[in-house]
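J.: this one's structure only:
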């Protein structure tokens with residue numbers, strides 16, 4: 001019932017038939033790392049599952065004002081959600097997205113103002129909040145946000161102030177099935193009022209949509 005804190009380099013195996021519910025999310029802050037595995041590569045109805053609901057913080061990643069560390073997902077079923085300014089997976093409010101790598105499993109990441117996967121929202125004039133380095137080479141990934149990007153940057157609450165803002169960071173997709181969406185941010189890239197960053201797509205199946213963004 002309290003937020004789980006990752007210290008150092010932690011490896012988590014989601015055993016078949018097992019389920020872990022982190023009701024306040026999992027804190028993976030800067031300089032710490034979390035690697036998540038499934039017991040087997042194939043995802044079935046019996047595959048181990050992680051549910052991380054961060055409330056107003058990230059589902060998995062940084063907390064208020066703190067950047068995300070390193071998150072690697074190679075298998076299992078992972079669902080991560082923030083209901084305010086944190087990313088589903090990535091930075092907390094005003095926090096950079098860190099290093100996020102997905103190569104397998106089934107991953108769902110949802111936020112309201114942060115990115116689904118990437119940075120949290122930015123509320124500080126003068127601070128630049130970056131989406132981080134996001135690499136997807138496999139797995140089934142669904143990421144969505146209301147005003148952040150599906151994958152990339154969170155919403156810039158300063159609405160394009162002369163200094164600071166948000167950017168999508170460095171996003172590379174080379175495989176997997178990726179479905180992303182946002183209402184007013186980009187599907188992939190910048191959140192509302194934010195910059196798009198660097199986006200490279202060389203493989204996989206990618207479906208992206210936005211009502212008002214790219």
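T.: That came through fine. Being a predicted model, the structure only gives us computed values, none of them experimental.

J.: who's in contact with residue 49?
T.: By C-beta atoms under 8 Å, 6 or more residues apart in numbering, the contact list for residue 49 reads 14, 18, 19, 20, 76, 77, 78, 79. In short, each C-beta sits where N, CA and C put it, glycine included.

J.: now do the lowest-mean-pLDDT helix or strand in the chain: which elements does it pack against?
T.: Between all helices and strands in the chain, the lowest mean by mean pLDDT, DSSP states H and E belongs to strand 165-167, at a mean of 86. The contact analysis (3 or more C-beta pairs under 8 Å, 6 or more residues apart in numbering; DSSP states H and E) places strand 165-167 against strand 128-130.

J.: the strand it packs on: partners in the sheet, and parallel or antiparallel?
T.: Looking at strand 128-130 with DSSP bridges, its partner strands are strand 165-167 (parallel).

J.: could you check the pLDDT of the residue nearest to the spatial centre of the chain?
T.: Per C-alpha atoms, centre = their mean, the C-alpha nearest to the average position across the chain is that of residue 117, at 2.1 Å. Per-residue pLDDT puts residue 117 at 98.

J.: hang on, isn't it packed against residue 91?
T.: No - with contact defined as C-beta atoms under 8 Å, residue 117 does not reach residue 91; the gap is 10.2 Å.

J.: overlap in contacts, those two.
T.: Joint contacts of residue 117 and residue 91 (C-beta under 8 Å, 6+ apart) are residue 97.

J.: distance-wise, check the spatially closest residue to residue 33 that is not a sequence neighbour relative to residue 31.
T.: Distances taken as C-beta to C-beta, 6 or more residues apart in numbering put residue 70 closest to residue 33, at 3.9 Å, once the chain neighbours are dropped. Counting by C-beta to C-beta, to the nearest Å, the gap from residue 70 to residue 31 is 9 Å.

J.: more crowded one of these two?
T.: Set residue 70 next to residue 31 and count neighbours by other C-beta atoms under 10 Å: residue 70 wins out with 19 against 11.

J.: backbone dihedrals for that one, please?
T.: Main-chain dihedrals, residue 70, degrees, to the nearest 10: phi -120, psi 120.

J.: hmm, residue 27 and residue 5 touching each other?
T.: Yes - because the distance of 4.6 Å satisfies C-beta under 8 Å, residue 5 is recorded as touching residue 27.

J.: which of those two has more neighbours?
T.: Set residue 5 next to residue 27 and count neighbours by other C-beta under 10 Å: residue 27 wins out with 24 against 12.

J.: separation between that one and residue 174?
T.: Here the criterion is C-beta to C-beta. By it, residue 27 lies 29 Å from residue 174.

J.: check residue 213 too.
T.: Taking C-beta to C-beta as the measure, residue 213 falls 23 Å from residue 174.

J.: ok, residue 137 - contacts?
T.: 101, 102, 103, 173, 174, 175, 176, 204.
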